[in-house]
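S.K.: Got a predicted model here, sequence first, then my questions.
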Amino acid sequence: MPNDAGGRRAGELPQPKVARRILYVVMFSYFVNGIINIRLQSTSHGGRFWLTLGCMAAAFGIALSHIQASAPRWAGWQKTLSLGLQAALTYLPFFALHETWGGMAGFVAGSCLLLVARPLAWLLFGLIMASMVCFAEITFHSADWISYYLAATMILGLVVFGMTRLAQLVAEISAMRGELTRMAVVQERLRFARDLHDLLGYSLSSITLKSELAYRLVQHQPERAQRELAEILQASRQALADVREVASGYRDMVLATEVDSARRMLETVGVQVGVRFELGDLPSDINTVMATALRESVTNILRHSKVQHCRIAATRTDGLIRLEVANDGVANNGDANNRPARDENGTRTGADDSDRTGSGLDNLRGRLAAFGGSLHAGVGPDRWFRVIAEIPGTRDATAPGGARDGQDHKAAPG
């Protein structure tokens with residue numbers, strides 16, 4: 001981004017301290033201008049002059065307190081007392097000492113706009129303008145002086161109000177930037193944790209299941225055990241690749257490949273799987289999120305169910321891309337998918353049963369919501385547990401990693 005003459009990037013806001021210092025400089029400049037005004041117009045240089053200068057300095061000090069960020073949070077009586085004292089110190093030189101000090105009543109007008117609620121603030125602002133018109137009329141009987149006092153007071157009041165609010169706005173934006181930075185860090189941590197859960201949960205469950213199976217087969221069916229060990233090696237390599245993808249932020253997956261992988265994994269543990277895949281090319285991001293939904297569904301089946309039958313359907317219906325994963329684990333268990341799968345000998349084949357927090361489904365809901373989609377999970381009338389993920393399919397398929405005729409360029413786990 002190009003830099004301006006001061007070396008600051010174009011469009012970059014000043015720091016809150018810089019904005020506050022600019023405000024102080026402007027207000028002090030008006031204060032000095034008021035002193036010069038009195039000095040040029042005063043007919044007396046004795047005690048009355050110094051009393052006027054003292055009132056002016058005290059009123060200016062109170063005005064400085066009104067531009068602080070904490071001033072709007074003062075109690076009502078504090079605001080009333082402060083504004084009353086400022087007004088008294090401002091009007092004393094005008095009407096009691098008969099000294100003319102320009103538009104210094106503008107400090108009172110600006111303070112009213114800062115501390116008093118609307119519309120009363122603008123009513124007081126107008127009354128202050130009228131009081132300066134009256135003073136100029138009584139003192140000078142001249143339209144030029146009336147115009148001068150009216151304009152000077154109004155300009156100073158609006159400058160005090162406007163620049164104070166701008167300085168506060170700069171401070172608020174700076175604080176918001178810091179908060180957005182902290183939120184971005186938190187979101188990245190959540191993304192990393194979510195991706196570890198979504199990507200590694202399936203791979204690790206697969207490795208655990210196949211390791212248990214290979215352990216039981218190694219003595220009696222060594223050839224099959226060797227095949228299972230080869231698949232364990234492949235799954236572990238995929239898990240390593242998943243970790244690298246999470247770290248790099250690259251997590252493209254393909255639904256067609258994951259469906260095939262899920263079918264083979266479930267059949268390994270004795271589950272009869274029916275597959276209906278009627279999707280063509282999909283955008284890579286939709287491919288990834290639907291593949292993640294499938295992985296989470298299969299992971300839950302492996303961890304929490306004693307499943308005998310499973311159906312996986314990926315279809316496009318009424319403009320929706322729909323993935324449904326259904327299993328009969330509830331009907332077999334009678335306890336809503338909370339028991340690990342076991343083989344024909346009663347030996348447990350599922351991964352551990354400790355993850356019952358539902359964080360995986362919550363993660364999926366968040367992912368799908370980002371695409372305008374939804375996730376439904378529950379037990380149907382037929383006592384089958386279903387996970388249904390839907391995403392609007394109105395976008396054109398970009399398919400940089402999309403499925404083509406069931407083929408894929410990335411190895412699947414298991």
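M.R.: Arrived safely.

S.K.: Please report the distance of the residue lying closest to F94 once chain neighbours are set aside from T153.
M.R.: Leaving aside its sequence neighbours, F94 sits nearest to F135 (CB to CB, 6 or more residues apart in numbering; 5.4 Å). Glycine gets a C-beta too; all of them are placed from N, C-alpha and C. Noted for F135: a distance of 10 Å to T153, by CB to CB, to the nearest Å.

S.K.: what about the two, which has more around it?
M.R.: T153 (27 against 20; other CB atoms under 10 Å).

S.K.: was I right about the more buried one contacting F107?
M.R.: No. T153 is beyond contact range of F107, at 9.3 Å (criterion: CB atoms under 8 Å).

S.K.: Go ahead and measure how far the strand or helix carrying V185 is from the middle of the chain.
M.R.: Using DSSP states H and E, V185 sits in helix 143-195. Offset of helix 143-195 from its chain centre (CA atoms, centre = their mean, to the nearest Å): 20 Å.

S.K.: Flag every buried residue along the helix or strand that it is followed by.
M.R.: Later in the chain than helix 143-195, the nearest helix or strand by DSSP H and E is helix 201-217. For helix 201-217, burial by neighbour count (16 or more other CB atoms under 10 Å) applies to 201-210, 212-214, 216-217.

S.K.: Show me what the helix holding V185 is packed up against.
M.R.: In this structure, helix 143-195 makes packing contacts with helix 16-41, helix 105-115, helix 120-140, helix 222-248, helix 359-369, judged by 3 or more CB pairs under 8 Å, 6 or more residues apart in numbering; DSSP states H and E.

S.K.: Pretty sure Q272 is one of the things Q308 touches, is it not?
M.R.: Yes. Counting by CB under 8 Å, Q272 is a contact partner of Q308 at 6.6 Å.

S.K.: sorry, back to before: hey, which of the helices and strands packed on helix 143-195 is tucked in deepest?
M.R.: Mean neighbours per residue, mean count of other CB atoms under 10 Å, is largest over the helices and strands packed on helix 143-195 for helix 105-115, with a mean of 26.

S.K.: Packing partners of that one?
M.R.: Counting contacts by 3+ CB pairs under 8 Å, 6+ apart, helix 105-115 packs against helix 16-41, helix 47-66, helix 76-95, helix 120-140, helix 143-195.

S.K.: so which of those comes closest to F277?
M.R.: helix 143-195 (24.7 Å; CB to CB).

S.K.: still on that earlier bit, contact partners for the residue nearest to F94?
M.R.: Residues in contact with F135 (CB atoms under 8 Å, 6 or more residues apart in numbering) are F94, F95, Y149.

S.K.: closest to Q15 among the residues you listed?
M.R.: Y149 (36.5 Å).

S.K.: quick one: contacts for A293?
M.R.: With CB under 8 Å, 6+ apart, A293 has these contacts: L323, V325, L364, R367, L368, L375, V387, A389.

S.K.: Against A87, how distant is it?
M.R.: Relative to A87, and taking CB to CB, A293 is found at 67 Å.

S.K.: Which secondary structure element of this structure has the lowest mean pLDDT?
M.R.: Every helix and strand in the chain was compared by mean pLDDT, DSSP states H and E; the lowest is helix 329-333, with a mean of 69.

S.K.: that older thread, turn the helices and strands packed on helix 105-115 into CSV, columns for distance to T268 and mean pLDDT.
M.R.: Below are the helices and strands packed on helix 105-115 laid out as CSV (distance: least, CB to CB, whole Å; pLDDT from 0 to 100):
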stretch, distance to T268, mean pLDDT
helix 16-41, 62, 84
helix 47-66, 75, 85
helix 76-95, 74, 87
helix 120-140, 75, 88
helix 143-195, 25, 82
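
S.K.: Switch those helices over to JSON lines; also include distance to A239.
M.R.: Formatted as JSON lines, these follow (distance: least, CB to CB, whole Å):
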{"stretch": "helix 16-41", "distance to A239": "48"}
{"stretch": "helix 47-66", "distance to A239": "63"}
{"stretch": "helix 76-95", "distance to A239": "64"}
{"stretch": "helix 120-140", "distance to A239": "64"}
{"stretch": "helix 143-195", "distance to A239": "13"}
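
S.K.: and of those, who's closest to D281?
M.R.: helix 143-195 (24.2 Å).

S.K.: tell me the angle of the closest one relative to helix 105-115?
M.R.: Angle between the axes of helix 143-195 and helix 105-115 is 30 degrees (criterion: axes from the mean of the first three to the mean of the last three CA atoms, to 10 degrees).

S.K.: And G373, its phi and psi?
M.R.: With angles defined as degrees, to the nearest 10, G373 sits at phi -100, psi -170.

S.K.: How about R383?
M.R.: Taking degrees, to the nearest 10 as the convention, R383 sits at phi 70, psi 20.

S.K.: wait, isn't it in contact with A326?
M.R.: No. Using CB under 8 Å, R383 is not in contact with A326; the gap is 10.7 Å.

S.K.: which of the two has more neighbours?
M.R.: A326 (20 against 14).

S.K.: and for the helix or strand harbouring that one, what are the contacting residues?
M.R.: According to DSSP H and E, A326 maps onto strand 320-327. Defining contact as CB under 8 Å, 6+ apart, one finds that strand 320-327 is touched by 255, 271, 279, 282, 286, 290, 293-294, 297-298, 301, 305, 307, 309-316, 337, 380, 384-393.

S.K.: Kindly report the same for stretch 218-232.
M.R.: Taking CB under 8 Å, 6+ apart as the rule, stretch 218-232 contacts I207, K210, S211, L213, A214, L217, T268, G414.

S.K.: show me what contacts the closest residue to T164 other than its chain neighbours?
M.R.: Among residues not flanking T164 along the chain, I67 sits closest, at 4.5 Å (CB to CB, 6+ apart). Contact analysis of I67 by CB under 8 Å, 6+ apart lists L23, M27, L114, V160, T164, A167.

S.K.: Take the residues you listed and lay them out in JSON lines including distance to A230.
M.R.: What follows is the contacts of I67, written out as JSON lines (distance: CB to CB, whole Å):
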{"residue": "L23", "distance to A230": "73"}
{"residue": "M27", "distance to A230": "79"}
{"residue": "L114", "distance to A230": "75"}
{"residue": "V160", "distance to A230": "79"}
{"residue": "T164", "distance to A230": "73"}
{"residue": "A167", "distance to A230": "68"}
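
S.K.: Nearest to T52, out of the residues you listed: which one, please.
M.R.: Checking the contacts of I67 against T52 with CB to CB, the nearest one is M27 at 19.0 Å.
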